[in-house]
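Peer 1: Structural data only, the sequence is not supplied:
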């Protein structure tokens, strides 16, 4: 893509799914209407920053493997969420992993160009809640593609009671080889290791991926960075309105059980999910709005 290509937001269709393509002199991104899911992001002249499985199935009602799924109004397995979040759902109601908005069509609420940045706002109105989650709310995702990619997830409580939820921007980052990267910015942070009986641990030094990894970090206050020597770059991750993050890589055995996933694709990606989970649950007063966002930027190391 030419470095002089003007910014634009273009409606398109990918294998029957309505999408938008955001372009700017700095890069390109693809966003699906279904789930407001960013599917792909690559800076100009670089490998992708946001990874999409080459076996992703573009099917209505099914989240695609990769990209940035929006997990809302709960994260992960419903019964692992705090009591305040579980109390939001009627007993016996359907509770799919990572909430229900990933399968819903969001509505465009504005596409514009701001200088050399392409901007898209998607909206999901839930005036009567959804299924057994009977809590009126309005959710919006603002996507800005400039010299970095920024996502801002906003929730407005339209009901008469306090709204408790957990949420995540479940980003799949592309890496040259997951075994070789170092994740910085977590040193000294407390985390829950879901693969070791949900035990509490403390991170010491940079995190290296040496096996299946599924950790919930809390009390975070600074940026996280993926140092990737294979591609001679760092991916800088700046969260806003979040003190927790999830780091996940399925490694070898679990990859064999995942849908839309090559058995060796674990080498090509790792997830660092900007989140409000565990002890970082989001509570929104009636009529109030709360935001959570993330900015990701790739920085090359030069020749």
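Peer 2: Now that the structure is in, tell me what you want to look at. The shown structure was predicted, so the numbers you read here are calculated from the model rather than taken from an experiment.
Peer 1: quick one: contacts for residue 173?
Peer 2: For residue 173, the contact set (CB atoms under 8 Å, 6 or more residues apart in numbering) comprises 49, 50, 51, 226, 235, 269, 270, 271, 272, 296. Quick note: C-beta positions are derived from backbone N, CA and C, even for glycine.
Peer 1: Okay, and which of those map to strands?
Peer 2: Cross-referencing the contacts of residue 173 against strands under DSSP state E gives 226, 235, 269, 270, 271, 272, 296.
Peer 1: Who does the helix or strand in which residue 152 is found pair with, and is each partner parallel or antiparallel?
Peer 2: Per DSSP states H and E: residue 152 is located in strand 149-157. Note on strand 149-157: by DSSP bridges, its sheet partners are strand 137-145 (antiparallel), strand 289-300 (antiparallel).
Peer 1: outside of that strand, which residues touch it?
Peer 2: Contacts for strand 149-157 (CB under 8 Å, 6+ apart): 27, 29, 38, 41, 49-50, 68, 70, 72-73, 135-144, 163, 165, 167, 169, 240, 282, 284-297.
Peer 1: Swap in 6 Å and give it another go.
Peer 2: With contact meaning CB atoms under 6 Å, 6 or more residues apart in numbering, strand 149-157 is reached by 41, 137-144, 163, 169, 284, 286, 288-296.
Peer 1: Repeat that for stretch 219-229.
Peer 2: For stretch 219-229, contacts defined as CB under 6 Å, 6+ apart pick out 175-176, 180-185, 189-190, 234-238, 243, 245, 272.
Peer 1: Buried residues in that stretch, which are they?
Peer 2: Judged by neighbour count (16 or more other CB atoms under 10 Å), stretch 219-229 contains these buried residues: 220, 224, 225, 226, 227, 228.
Peer 1: next one: stretch 241-248
Peer 2: Residues of stretch 241-248 classed as buried by neighbour count (16+ other CB under 10 Å): 242, 243, 244, 245, 246, 247, 248.
Peer 1: among these, which two are most distant?
Peer 2: Checked with CB to CB, the buried residues of stretch 241-248 reach their widest spread between 243 and 248, with 18.1 Å between them.
Peer 1: ok, back up a step: can you flag the buried ones in the contacts of stretch 219-229?
Peer 2: Applying 16+ other CB under 10 Å to these, the neighbour count classes 175-176, 181, 183-185, 189-190, 234-238, 243, 245, 272 as buried.
Peer 1: of these, closest to residue 109?
Peer 2: residue 238 (24.3 Å).
Peer 1: Please name the bridge partners of that closest one.
Peer 2: residue 295.
Peer 1: what sits against the residue nearest to residue 143 when sequence neighbours are not counted?
Peer 2: Spatial nearest neighbour of residue 143, excluding adjacent residues (CB to CB, 6 or more residues apart in numbering): residue 120 at 4.7 Å. Each residue near residue 120 by CB under 6 Å, 6+ apart is listed here: 9, 20, 111, 143.
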